[in-house]
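Chemist: Fold the stuff below for me.
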Amino acid sequence: MPVILGIESSCDETSASVCVDGQILSNVIANQTVHEAFGGVVPELASRVHQQNIIPAVHKAIIDAKVSKKEINAVAFTRGPGLLGSLLVGTSFAKSFALGLNIPLIDVNHMQAHILAHFIDDPKPQFPFLCLTVSGGHTQIVKVNDYFDMELIGQTTDDAAGEAFDKAAKMLGLPYPGGPLVDKYAKLGNPNAYQFPEPQIPGLDFSFSGLKTAFLYFVRDKQKENPNFLEENMADVCASIQHRIVSVLINKVKKAVKETGINQVAIAGGVSANSGLRDALLEAEKKWKWKVFIPQFQYCTDNAAMIAIAGYYKYLKGDFVGQEVSPLARWSV
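Modeler: Sure, this is the predicted structure:
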């Protein structure tokens, strides 16, 4: 029964997890609040907080899993993509830990790990399936043929969906991170109160820059007419912009299902925690007879459980790296 320690440090969450024979026994996530004052993640600050958090996070993950360090068979870590300074902290710790215990080292692609989070719990998708991976930095449609055989068939040409949510929130004067707050207000509003344009991008690619600009001008013009517009209509505005972002995502997935003939659809990444997107997918499942897979909330945002499960499947293949390995800020799925 392989015991895998997973380490995630690609952005602003320090996380450690222990996986035993494909079962996640612990998943510790240390969040960083230092970025709130700046309205976004500051890479240098993120790196420093990772250095503070990584040893306590790993220690707690091992204790929670009720295993000893000597029982760990391999260390899996996020090699990329992500913030280079943050990745360096996790990579350096993983290399040192593996060297100290003389155990194998496993490098994991962060975006592949988001997709493989679907193999933590039942029900698990069958190959092949489509995965909509949506986060602050990525928006992709991936055709998943096997655990590590993935084909990128659609992606954003500019902003990611998570960026669109966060930037819309910033225009509305909401604090960072704004995406979850937009979702919170949207639950109270009318999604059809205001109409925003849907980007017309060919194929399966996405674009959110035009929608972002249209929203900026909408907010500016409405506030000129009525300085209290946002205060009086925040729920409807949030519901309307969320409805448009979600419809862009769902319409592209619908097109991907039609083009590939694959009706198993999974979602992954931080934006997969958005209630509007989750509800839209469940509605699509009923309407178009899709088989939809939605991860638990704890496996949506960046976490080490997904790194540990990806590491487990790599361990079974004997896919290891040496001590010369270095992190990659960019790394295709």
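
Chemist: Would you map the strands across the protein?
Modeler: For the chain, the strands defined by DSSP state E occupy 3-8, 13-20, 23-31, 74-80, 105-109, 129-134, 139-146, 149-155, 264-268, 291-293.

Chemist: any idea which helix is longest in the chain?
Modeler: Using DSSP state H, we find that the single longest helix of the chain is helix 229-260.

Chemist: Pull out the buried positions in that helix.
Modeler: 229-230, 233-246, 248-250, 252-253, 256-257, 260 (16 or more other Cβ atoms under 10 Å). Bear in mind the C-beta positions are built from the backbone N, C-alpha and C, glycine included.

Chemist: circling back to that earlier point, out of the strands of the chain, flag the one nearest residue 300.
Modeler: strand 264-268 (7.4 Å; Cβ to Cβ).

Chemist: for the record, mean pLDDT for that closest one?
Modeler: Strand 264-268 comes out with an average pLDDT of 97.

Chemist: Can I get it in PDB? Just the C-alpha atoms.
Modeler: This file holds the C-alpha atoms of strand 264-268, laid out as PDB (Å, rounded to 0.1, in the frame of the first residue of the first chain):
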ATOM      1  CA  GLN A 264     -19.100  12.700 -19.600                       C
ATOM      2  CA  VAL A 265     -18.300  16.200 -18.300                       C
ATOM      3  CA  ALA A 266     -16.300  17.100 -15.300                       C
ATOM      4  CA  ILE A 267     -15.300  20.500 -13.800                       C
ATOM      5  CA  ALA A 268     -12.200  21.300 -11.900                       C
END
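
Chemist: can you state the direction angle for it and strand 139-146?
Modeler: Using axes from the mean of the first three to the mean of the last three Cα atoms, to 10 degrees, one finds that strand 264-268 and strand 139-146 are set 120 degrees apart in direction.

Chemist: So which residues make contact with strand 264-268?
Modeler: Under the contact criterion Cβ atoms under 8 Å, 6 or more residues apart in numbering, strand 264-268 has outside partners 114-115, 117-118, 125-126, 128-134, 144, 253, 257, 277-278, 281, 284, 290-295, 300.

Chemist: hmm, 7 Å instead?
Modeler: 114-115, 117-118, 125-126, 129-134, 253, 257, 277, 281, 290-295 (Cβ atoms under 7 Å, 6 or more residues apart in numbering).

Chemist: related to what we said a few turns ago, mind putting the strands of the chain into JSON lines with distance to residue 45 and mean neighbour count?
Modeler: Converted to JSON lines, these look like this (distance: least, Cβ to Cβ, whole Å; neighbours: other Cβ atoms under 10 Å):
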{"stretch": "strand 3-8", "distance to residue 45": "18", "mean neighbour count": "29"}
{"stretch": "strand 13-20", "distance to residue 45": "13", "mean neighbour count": "28"}
{"stretch": "strand 23-31", "distance to residue 45": "13", "mean neighbour count": "20"}
{"stretch": "strand 74-80", "distance to residue 45": "19", "mean neighbour count": "26"}
{"stretch": "strand 105-109", "distance to residue 45": "24", "mean neighbour count": "25"}
{"stretch": "strand 129-134", "distance to residue 45": "25", "mean neighbour count": "26"}
{"stretch": "strand 139-146", "distance to residue 45": "26", "mean neighbour count": "21"}
{"stretch": "strand 149-155", "distance to residue 45": "29", "mean neighbour count": "16"}
{"stretch": "strand 264-268", "distance to residue 45": "27", "mean neighbour count": "24"}
{"stretch": "strand 291-293", "distance to residue 45": "35", "mean neighbour count": "18"}
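
Chemist: possible to save those as TSV with distance to residue 205?
Modeler: Below are these laid out as TSV (distance: least, Cβ to Cβ, whole Å):
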stretch	distance to residue 205
strand 3-8	28
strand 13-20	28
strand 23-31	32
strand 74-80	22
strand 105-109	21
strand 129-134	13
strand 139-146	9
strand 149-155	5
strand 264-268	18
strand 291-293	22
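
Chemist: Which one, of those strands, ends up nearest to residue 179?
Modeler: Nearest of the strands of the chain to residue 179, taken as Cβ to Cβ: strand 129-134 at 10.4 Å.

Chemist: Return the distance of the closest one from the chain's centre.
Modeler: Taking Cα atoms, centre = their mean, to the nearest Å, one finds the center of strand 129-134 at 11 Å from the center of the full chain.

Chemist: Pretty sure residue 271 sits against residue 281.
Modeler: No: at 11.8 Å, residue 271 does not count as touching residue 281 under the criterion of Cβ atoms under 7 Å.

Chemist: Among these two, which residue is more densely surrounded?
Modeler: Per other Cβ atoms under 10 Å, whichever of residue 271 and residue 281 has more neighbours is residue 271, with 29 against 22.
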